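> starting from these lines, generate the structure:
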Amino acid sequence: MLIMTGHRKQVQSNVRAQNELHGKQVQSHVRAQNKLHKKQVQSNVRAQNELQGKQVQSRVRAQNKLHRKQVYSYVRAQNKLGNEKLLFHGTNRACLLGESSNSVLLCNLKECYLCSILRASFDVKKCGKGLLDHTISVI
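Numbers count the residues shown, from 1 in each chain. Now for the predicted structure:
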């Protein structure tokens with residue numbers, strides 16, 4: 001009986017050690033899986049944000065083009081004479097301002113130049129010449 005008790009304690013000790021080792025291996029595996037999953041989710045979110053940004057930019061460009069045509073038509077219809085110029089400035093937008101009647105608040109994203117311009121006004125001195133700056137002379 002004494003030998004069985006000693007053997008039983010040794011078996012129980014071995015079982016505890018194996019369970020502890022297995023538990024640590026499982027925890028390590030779960031941590032690695034979670035880390036990999038987190039990277040995949042972050043990558044998917046970045047890809048979705050990039051795609052959404054491109055879609056928004058495309059929609060904004062189309063809306064701006066239509067707006068320019070409407071303004072130009074209006075000014076020509078008024079038959080204004082003189083040296084008047086209409087200036088348009090295109091800028092980047094990183095939020096969904098104006099996409100719906102519910103999105104009317106300015107964002108605080110530093111890469112959203114539209115909200116920055118609306119919040120702090122527009123400084124013509126900081127405006128660069130480029131593809132997005134257009135002038136239309138009224139004849």
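> and the residue nearest the centre of the chain, what element?
In the chain, the C-alpha nearest the mean C-alpha coordinate belongs to residue 49, at 4.3 Å (CA atoms, centre = their mean). Assigned by DSSP states H and E, residue 49 falls within helix 2-77.
> helices or strands next to that helix in the packing?
Where contact means 3 or more CB pairs under 8 Å, 6 or more residues apart in numbering; DSSP states H and E, helix 2-77 is packed against strand 85-89, strand 133-137. All C-beta spots, glycine's among them, are computed from the backbone N, C-alpha and C.
> how distant is that helix from the center of its chain?
With CA atoms, centre = their mean, to the nearest Å as the basis, helix 2-77 stands 16 Å off its chain's centre.
> pLDDT of that helix, averaged?
When pLDDT is averaged along helix 2-77, the result is 85.
> re the thing from before, from residue 29, how far off is the residue nearest to the centre of the chain?
Look at residue 49 and residue 29: by CB to CB, to the nearest Å, they are 31 Å apart.
> list the contacts of residue 113.
91, 92, 93 (CB atoms under 8 Å, 6 or more residues apart in numbering).
> distance check, it against residue 90.
On the measure of CB to CB, residue 113 and residue 90 end up 10 Å apart.
> if we can go back for a sec, out of the contacts of residue 113, list just those in helices.
With helices taken from DSSP state H, there is no overlap with the contacts of residue 113.
> in JSON lines, list the residues you listed along with neighbour count.
Formatted as JSON lines, those follow (neighbours: other CB atoms under 10 Å):
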{"residue": "91", "neighbour count": "14"}
{"residue": "92", "neighbour count": "14"}
{"residue": "93", "neighbour count": "21"}
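> domains in this protein, by residue range?
What automatic domain parsing lists as the domains of the chain is 1-79, 80-139.
> ok, residue 41 to residue 115 distance?
In this view, residue 41 and residue 115 are 27 Å apart by CB to CB.
> and the two? which has more neighbours close in?
It is residue 115, of residue 41 and residue 115, that has more neighbours when counted by other CB atoms under 10 Å, with 20 against 10.
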